[in-house]
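Q: sequence and predicted structure are below.
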Amino acid sequence: MKKYIAFLRGINVGNIRIKMSDLKKAFDDMGFHNATTYLQTGNVVFESDKNISEIKIILEKVLSETFHYQVFVLLYAYDVLAEIVANYPFEQNEASHAYVIFVEGEAVSNELLSIAENVTEEISGGNTVIYWKVPKGESLTTPFAKITAKAKYKSTTTVRNINTLEKMLK
């Protein structure tokens, strides 16, 4: 059995409200094992014998039907997430947030990194992710934040704080 991390895009923002207990139950009902949710943003650690591409298809289909909205899932093997977290390139401090932007697709990642060349924020590319350090209180207002919030990236990106990711790996 292999351990995976699922990040659901857009949970508990806007009109999409899902209790984490309901999300955990949905994972259990789909036959996944040891599902644990973190925070209220659709972070789920679970185990499965299925391969990652098969899991993604199942999750997006069943969760969309269960919760009545188009679910977008970014899915990672547990060991891949551990590597992503370990490779965070910026010094962490109390004045800034340390974020990982999970990106599905090399074209989207390249597009965002190209745009990032024109901003003064600390941004660096990684393996299927973009690392981002932003001053506290500015996570929604910086030029790069406004770009990543555009509707065109809704299905292919999601942002998580490195502190949350570290807790998920424990």
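A: That came through, no problem. Numbers count the residues shown, from 1 in each chain.

Q: can we go C-alpha only for contacts and neighbour counts from here?
A: Will do.

Q: sticking with the residue nearest to N43 when sequence neighbours are not counted, tell me its helix or strand.
A: Among residues not flanking N43 along the chain, F7 sits closest, at 4.9 Å (Cα to Cα, 6 or more residues apart in numbering). Using DSSP states H and E, F7 sits in strand 2-8.

Q: go through the biggest helix by length in the chain and flag the buried ones.
A: Taking DSSP state H as the criterion, the chain has its longest helix at helix 52-67. Within helix 52-67, the residues scored as buried using 16 or more other Cα atoms under 10 Å are I55, K56, L59, E60, V62, L63.

Q: among those residues, which one lies nearest to Y131?
A: In terms of Cα to Cα, no member of the buried residues of helix 52-67 lies closer to Y131 than K56, at 23.3 Å.

Q: distance of the closest one relative to L74?
A: Distance, K56 to L74, using Cα to Cα, to the nearest Å: 8 Å.

Q: low pLDDT regions in the chain?
A: Scanning the chain for pLDDT under 70 picks out the ranges 10, 12-14.

Q: how is it partitioned into domains?
A: Per automatic domain parsing, the domain ranges recorded for the chain read 2-80, 87-168.

Q: where exactly do the helices run in the chain?
A: Along the chain, the segments classed as helices by DSSP H run 20-29, 52-67, 78-86, 106-116, 143-148, 162-168.
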